[in-house]
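Peer 1: Predicted model and sequence follow; I will ask about them next.
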Amino acid sequence: MYDTIIIGAGMSGLAAGIRLAYFDQRVCILERHTTIGGLNSFYRLRGRDYDVGLHALTNITPKGTKKGPLARLLRQLRMSWDDFQISPQLGSQIAFPGVRLGFSNDLDLLRAEIGREFPRQVDSFTRLVEQVIEYDDLDPSHAEMSAREHLTDLFSEPLLVEMLLCPLMFYGSAREHDMDWGQFSIMFRSIFMEGLGRPHAGVRLILKLLVRKYRALGGELKLKSGVERIAVEDGRVVGVVLKGGQQLAARHVLSSAGWCETMRLCDDGQPVSIPGKNSAPGNGPARNRNAGRLSFCETIAALDMEPGKMGHSGTITFFNDSPRFDWRQSEAPCDLRSGVICSPNNFDYQRPLDDATIRITVLASHAYWQQLGESAYKLEKLRWYDRITESAVRFVPDYRLHVIDTDMFTPTTIVRFTGHDNGAIYGSPEKQFDGVTHLENLFVCGTDQGFVGIIGSITSGISMANMHCLRD
């Protein structure tokens, strides 16, 4: 009998496991794949190491800072700032036609840039910052307030509204066309007020730190152990049944698989998908929710020289090729109108990286990519790699002559490594911030609990473990 079984060995699951193991719980993390991390992982291809899913860590505050998600995370996991070896960004930008706004880990740069491009909006930006600082995480009305409508009331320049929404949506909005005010405030703090950084060794350092800590505390990690179903008796989870038929008993189950995906695993006989309805049996939250629809393609180019030496010194460029930013499921295989260009080389490291790379992320259609046969899929990856790159070099120096190797992932890759319906990077647009389900000892953490990004995922695991699995 385990105290807690955790489904998924991503960032949130590993962090939850560490937190529980500190309090002598018997914990088992189950992962259906042969490796950890989900989409935030790493791999080796043709002699080169690649990160998956990591552009940058958000919420990066200077060493010694006592407040903020990163400081709380380190305290809860009993780790030090130096363990993560984080280097800050060199500087990023938001690029729209004819207008660019630079930003860094110092909010004053963005304020100055807005003053240069939109001088009559500076006072409104100051009010926005004050409102974000005053944002109350516990106020439920913030989940119902439209960020787009609020910004439109605040700013008289529509282009500035679109430019502020673009990076925050790309880095954390499961909702099409808009963000709720609460999520906007969280992402604004994370990116503009705290900032971006990256470990020199990338995501593999974070994962190795988490696994090493978890195992040192006695936690069990079972790879190649997919969950067939969550066993339910009399309104309570009693354990899980693995794909091979093995049964594991537990007092609690904490799932990072996603809301819809977790509900399908429950064998309590209740329907999960009822067209036109969004209600649940008993007193728990609604089981039947729409899956997210926002998915990505991402290209990775290995270069024969550092991007800075060819004139590209920016860390991240969020681009959009029209005055209006359109955040919705792509109708084309890839939406080439907007995207994110990131160079892992362009952080303030004490020593340069061994490899030079540039990554480009764009919205993509899961329906298109998942229906392709194997040979067509490979050909379409080659074709769309070229089109994505062609779109991106409108906004950064053209690096194509320096490319020595490439790779690309699509929405089907996301499904394979996360199990998320539709390859939805940020899960369902409806979040369960308290992590509770219709079953009294089944909880969710990770993307569908509501925190996004690597720091957010780790924080989610810690928070849900504290809130639900340590109280009894």
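Peer 2: That came through, no problem. Numbering: from 1, shown residues only.
Peer 1: Strands along the stretch 201-350 of the chain, start to end?
Peer 2: Counting by DSSP state E, counting those that start in this stretch, the stretch 201-350 of the chain has these strands, from start to end: 220-222, 227-233, 236-242, 247-255, 295-303, 316-320, 338-342.
Peer 1: Residue 168 is nearest to which of those?
Peer 2: strand 316-320 (9.3 Å; C-beta to C-beta). Every residue, glycine included, has its C-beta placed from N, CA and C.
Peer 1: Need the CA coordinates for the closest one. CSV is fine.
Peer 2: Extracted in CSV, the C-alpha atoms of strand 316-320 (Å, rounded to 0.1, in the frame of the first residue of the first chain):
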residue,chain,number,x,y,z
ILE,A,316,13.7,35.2,-27.7
THR,A,317,11.8,37.0,-30.5
PHE,A,318,8.0,36.8,-30.4
PHE,A,319,6.8,37.7,-33.9
ASN,A,320,3.5,38.5,-35.6
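Peer 1: Show me the contact partners of that strand.
Peer 2: The contact list for strand 316-320 (C-beta atoms under 8 Å, 6 or more residues apart in numbering) reads 55-56, 89, 92-96, 162-163, 166-167, 170, 196, 337-342, 392, 394-396.
Peer 1: In PyMOL, select just the buried ones from those.
Peer 2: In PyMOL, a selection of the buried entries from the contacts of strand 316-320 looks like this (16 or more other C-beta atoms under 10 Å):
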select buried, resi 55+56+89+92+93+94+95+96+162+163+166+167+170+196+337+338+339+340+341+342+392+395+396
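Peer 1: To which secondary structure element is residue 5 assigned?
Peer 2: Here residue 5 is covered by strand 2-7, with elements defined by DSSP states H and E.
Peer 1: Just want the angle from the helix or strand that comes right after that strand to strand 2-7.
Peer 2: Scanning forward in sequence from strand 2-7 by DSSP H and E, the next helix or strand is helix 11-21. Calculated by axes from the mean of the first three to the mean of the last three C-alpha atoms, to 10 degrees, helix 11-21 forms an angle of 170 degrees with strand 2-7.
Peer 1: Who are the packing partners of helix 11-21?
Peer 2: strand 2-7, strand 27-30, helix 69-77, helix 203-216, helix 453-464 (3 or more C-beta pairs under 8 Å, 6 or more residues apart in numbering; DSSP states H and E).
Peer 1: mind checking which of the ones you listed is nearest residue 222?
Peer 2: Taking those one by one with C-beta to C-beta, strand 27-30 is closest: 5.4 Å.
Peer 1: Check the average confidence over the closest one, would you?
Peer 2: Mean per-residue pLDDT for strand 27-30: 98.
Peer 1: And the contacts of it?
Peer 2: 2-9, 13-14, 17, 20-21, 214, 219-222, 225-227, 240, 242, 248, 250.
Peer 1: what do you get for stretch 152-171?
Peer 2: For stretch 152-171, using C-beta under 8 Å, 6+ apart, the contacting residues are 58, 92, 94, 96, 99, 101, 114, 117-118, 120-121, 124-125, 127-128, 147-148, 151, 179, 184, 187-188, 190-191, 316, 318, 320, 323-325, 327, 338-340, 361, 452-453.
Peer 1: Surely residue 362 and residue 296 touch.
Peer 2: Yes: between residue 362 and residue 296 there is a contact at 6.6 Å, judged by C-beta atoms under 8 Å.
Peer 1: Secondary structure element for residue 116, which one?
Peer 2: Residue 116 belongs to helix 107-117, assigned by DSSP H and E.
Peer 1: immediately after that helix, which helix or strand?
Peer 2: Next along from helix 107-117, by DSSP H and E: helix 122-134.
Peer 1: If you compare the directions of that next one and helix 107-117, what angle comes out?
Peer 2: 150 degrees.
Peer 1: Tell me which residues of helix 122-134 come out buried.
Peer 2: In helix 122-134, counting by 16+ other C-beta under 10 Å, buried: 124-125, 128-129, 132.
Peer 1: can you check stretch 310-325 too?
Peer 2: 310, 312, 314-320, 325.
Peer 1: Ok, stretch 299-310 next?
Peer 2: Neighbour-count burial for stretch 299-310 [16+ other C-beta under 10 Å]: 299-303, 306-307, 310.
Peer 1: pLDDT on that stretch, on average?
Peer 2: On average, stretch 299-310 scores 96.
Peer 1: Check the offset of that stretch from the chain's centre.
Peer 2: 24 Å (C-alpha atoms, centre = their mean, to the nearest Å).
Peer 1: Restrict it to CA atoms and write it as PDB.
Peer 2: Below are the C-alpha coordinates for stretch 299-310, written out as PDB (Å, rounded to 0.1, in the frame of the first residue of the first chain):
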ATOM      1  CA  THR A 299      11.800  23.300 -35.500                       C
ATOM      2  CA  ILE A 300      15.400  22.900 -34.200                       C
ATOM      3  CA  ALA A 301      18.400  24.000 -36.300                       C
ATOM      4  CA  ALA A 302      21.900  23.100 -35.300                       C
ATOM      5  CA  LEU A 303      24.400  25.800 -36.600                       C
ATOM      6  CA  ASP A 304      28.100  25.900 -37.500                       C
ATOM      7  CA  MET A 305      28.500  29.100 -35.500                       C
ATOM      8  CA  GLU A 306      26.900  30.900 -32.600                       C
ATOM      9  CA  PRO A 307      23.900  33.000 -33.600                       C
ATOM     10  CA  GLY A 308      25.500  36.100 -32.000                       C
ATOM     11  CA  LYS A 309      28.400  35.900 -34.500                       C
ATOM     12  CA  MET A 310      25.900  36.200 -37.400                       C
END
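Peer 1: Between the buried residues of helix 122-134, which sits nearest residue 175?
Peer 2: residue 132 (18.2 Å).
Peer 1: In helices, which of the contacts of strand 316-320 fall?
Peer 2: The members of the contacts of strand 316-320 that map onto helices under DSSP state H are 162-163, 166-167, 170, 392.
Peer 1: No more questions from me, cheers.
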